[in-house]
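Participant: Quick check, what structure comes out for this input:
(one chain, ligands or ions: 1)
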Amino acid sequence: MAIAHGEKLLKYLEENGTANSLKLSELWNEEHQKIVGTVKSLLCLGDVIEAELQSNVKWDLTEEGKQVATHGSHEAQVYNAIPPSGSTQPEIMAQASILNAGFTKDIAKVGFSKAMSLGWIAVDKSSGAPKVVRKIDSIQDLVQEHLKEIASGKNMLTNELRTEYKKRKLIQEIVVKSYEMKPGSSFSTSVTKQETDLTPEMIASGSWKTKEFKPYNLNALGTPVPRGHLHPLMKVRAEFRQIFLEMGFTEMPTNNYVESSFWNFDALFQPQQHPARDAHDTFFLADPATASNIPSDYMERVKNVHSYGGYGSQGYGYDWKVEEAQKNLLRTHTTAVSARMLYALAQGGFKPAKYFSIDRVFRNETLDATHLAEFHQIEGVIADYGLTLGNLIGVLYEFFRKLGIDKLRFKPAYNPYTEPSMEIFSYHPGLKKWVEIGNSGIFRPEMLLPMGLPEDVSVLAWGLSLERPTMIKYGYDNIRDLVGPKVNLQMVADNPLCRLDK
Ligand code: PHE
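Facilitator: The predicted model follows:
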């Protein structure tokens, strides 16, 4: 198509020596953009033609100018609205707006003063109330005539008039780009379509020897490569994972959303009457409703520590039931995974270990702008001989410093499985206040000793959510913009890389 047009253009160039894209568009009654396309595709052929881009300034009517060209100038509209016997100014304005759609107060004002200064109308005060009358019998609306001429492509205005109409916003300058062409050094009137690919067939038949190949356009931009995008939560997760790895932690296997109450609660010395174990707070599974693969001797020790105590503890003194421990649920915290890992660590002959996990947990929450029924927890666990609360505080400072947070405060708290327990607060320079960022503690002997861990081993642990730092980092105040069916997928594609200010 473009090439067929191209041959027509080349013929024209051969006959006339030069060509201009605007003139051709008029001559062939073809859209200028189409001719420009043809010029560009001819330019791609090498030196068949030479073309120079030219900018020409042209005057054209503005929207208001078009109105004037059809309905007459503002002053003429005012003049025409005056009845032979004259009338009051407000009545004339009203009449003019009936005669001409879009005749506003502003137009009336301009028209009125123009008509006055042209001497077309006058204000007659002889009979008391001022009356506007026609001063001459007929008018010639030059403005309308001029604008009609401009619209039809004639452009004979004096500079003064042009300036005046421009000032009245009736005309505007537009820049028209066109190509001025002449034959190039390898000019020819017939163009063969250049090949873009060398095919096996061309090589086999030898036709490549006579074919013309399109040169590579090394300046062409490539098409964007379709690719996957990491969700902001996953980007922030990668940063946290990096921090743990730098600090020598090993990632725990968290690939089980379904957990038994035993590992989620009982192993953590959380009594069976604890309110968190209520269906109001925890999602229990209907099918399979129970788990049966709990190590029996360990389970027996857990039962005993809950019911009667031991290891220096008096226990809770209630009737511990295996049925309650077997109930399957969606894990409410990743500490269930930590419990499994610590139990495994005790079985294999204890060695000091540093573990971390970042994965999903589920809670039967009331949903609002900052809470969903599922979220991600980040958890760190350190097991070693003779660790103290001082070690926990030290490692928390180190961990949060790597996140760019160096002001911390700790508040005594309660968890069934840690003693002492501390909530972690950091100073938020933006909010200018201390905000809670995590929870921590030293696991209780009632949890560790039944597992079989040596008595002089302490286990430090802390946890925080992944959503909170992600919302702060990416500036979301509604969790539903980040997670769930209302998430804008483009947000996921456009979101910048995560770089924590370490
Ligand atoms: N499991 C706690 C929670 O869900 C966090 C935590 C982890 C607290 C480890 C202390 C130690 O909030």
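
Participant: if you go through the stretch 151-300 of the chain in chain order, where are the strands?
Facilitator: 171-183, 250-251, 258-260 (DSSP state E, counting those that start in this stretch).

Participant: With the stretch 401-502 of the chain instead?
Facilitator: So, for the stretch 401-502 of the chain - with DSSP E, counting those that start in this stretch - the strands run 408-415, 418-428, 433-443, 457-465.

Participant: Up against the ligand, what does this structure have?
Facilitator: Within the chain, the positions lying close to the ligand (CB under 6 Å from any ligand atom) are 333, 335, 379, 415, 418, 439, 440, 441, 461, 462, 463. Heads up, the C-betas are built off the backbone N, CA and C, glycines and all.

Participant: Could you pull up the residues touching the second one?
Facilitator: Okay, so that is residue 335. 268, 379, 417, 461, 463 (CB atoms under 8 Å, 6 or more residues apart in numbering).

Participant: contacting residues for the second one?
Facilitator: Same thing as residue 379. 333, 334, 335, 337, 338, 356, 357, 358, 461, 462, 463.

Participant: okay, the residue of the stretch 151-300 of the chain found nearest the ligand: pLDDT?
Facilitator: For the stretch 151-300 of the chain, the residue positioned closest to the ligand under CB to the nearest ligand atom is residue 268, at a distance of 8.3 Å. In this model, residue 268 is scored at 98, pLDDT.

Participant: thinking it is in contact with residue 446, fair?
Facilitator: No - between residue 268 and residue 446 there is no contact under CB atoms under 8 Å: 9.3 Å.

Participant: first to last residue in stretch 59-75, what's the distance?
Facilitator: 23 Å (CA to CA, to the nearest Å).

Participant: Distance from the chain centre to it, please.
Facilitator: 43 Å (CA atoms, centre = their mean, to the nearest Å).

Participant: which residues are contacting that stretch?
Facilitator: Counting by CB under 8 Å, 6+ apart, 77, 80, 100, 102, 107-108, 110-112, 114-115, 118, 120, 141, 143-144, 147-148, 150-151, 155, 157, 162, 165, 169-174 sit against stretch 59-75.

Participant: ok, of the contacts of residue 335, which one's closest to residue 394?
Facilitator: residue 461 (14.4 Å; CB to CB).

Participant: Let me see the confidence value for the residue nearest to that closest one when sequence neighbours are not counted.
Facilitator: Nearest non-adjacent residue to residue 461, counting by CB to CB, 6 or more residues apart in numbering: residue 381, 4.7 Å away. On the pLDDT scale, residue 381 is placed at 98.

Participant: The one 5 residues further on too?
Facilitator: pLDDT for residue 386: 95.

Participant: so who does residue 389 touch?
Facilitator: 420, 442.

Participant: The ligand versus that one, what's the distance?
Facilitator: 13 Å (CB to the nearest ligand atom, to the nearest Å).

Participant: how many neighbours does residue 438 have?
Facilitator: 23 (other CB atoms under 10 Å).

Participant: Double-check residue 42 against residue 13; I have them as touching.
Facilitator: No - contact criterion CB under 8 Å: residue 42 and residue 13 do not qualify, at 9.4 Å.

Participant: shared neighbours of the two, which are they?
Facilitator: In contact with both residue 42 and residue 13: residue 49, using CB under 8 Å, 6+ apart.

Participant: who's more crowded, these two?
Facilitator: residue 42 (24 against 21).

Participant: where's the more buried one, which helix or strand?
Facilitator: When elements are assigned from DSSP states H and E, residue 42 belongs to helix 32-43.

Participant: tilt between that helix and strand 171-183?
Facilitator: Interaxial angle, helix 32-43 versus strand 171-183 (axes from the mean of the first three to the mean of the last three CA atoms, to 10 degrees): 30 degrees.

Participant: Report the mean per-residue pLDDT for helix 32-43.
Facilitator: Computed over helix 32-43, the average pLDDT equals 91.

Participant: so residue 7 makes contact with residue 192?
Facilitator: No - in this structure, residue 7 is not within contact of residue 192 by CB under 8 Å, at 10.6 Å.

Participant: more neighbours, these two?
Facilitator: Counting neighbours by other CB under 10 Å for residue 7 and for residue 192 shows that residue 7 has the greater number, 15 against 11.

Participant: and the residue nearest to residue 458 when sequence neighbours are not counted, how many neighbours?
Facilitator: Closest residue to residue 458 apart from its sequence neighbours, by CB to CB, 6+ apart: residue 387 at 4.0 Å. Neighbour count of residue 387, defined by other CB under 10 Å: 18.

Participant: Show me the shaky parts of this protein.
Facilitator: Within the chain, the stretches with pLDDT under 70 are 1-4, 98-102, 155, 501-502.

Participant: okay, now the residue in it that the ligand sits nearest to: neighbour count?
Facilitator: Per CB to the nearest ligand atom, the residue of the chain with the smallest distance to the ligand is residue 463, at 3.0 Å. Residue 463: 21 surrounding residues under other CB under 10 Å.

Participant: Not counting its neighbours along the chain, what's nearest it?
Facilitator: residue 379 (4.4 Å).

Participant: Next, the one you found: secondary structure please.
Facilitator: strand (DSSP: H, G, I helix; E, B strand; the rest coil).

Participant: got the contact list for residue 12?
Facilitator: 19, 24.

Participant: Wasn't it part of a strand?
Facilitator: No - the assignment for residue 12, made by three-state DSSP, is helix rather than a strand.

Participant: returning to that earlier point: pick the most deeply packed of the strands of the stretch 401-502 of the chain.
Facilitator: Highest mean neighbour count among the strands of the stretch 401-502 of the chain (mean count of other CB atoms under 10 Å): strand 457-465, with a mean of 22.

Participant: That one to strand 433-443, inter-axis angle?
Facilitator: Using the same axes, to 10 degrees: strand 457-465 against strand 433-443 is 150 degrees.
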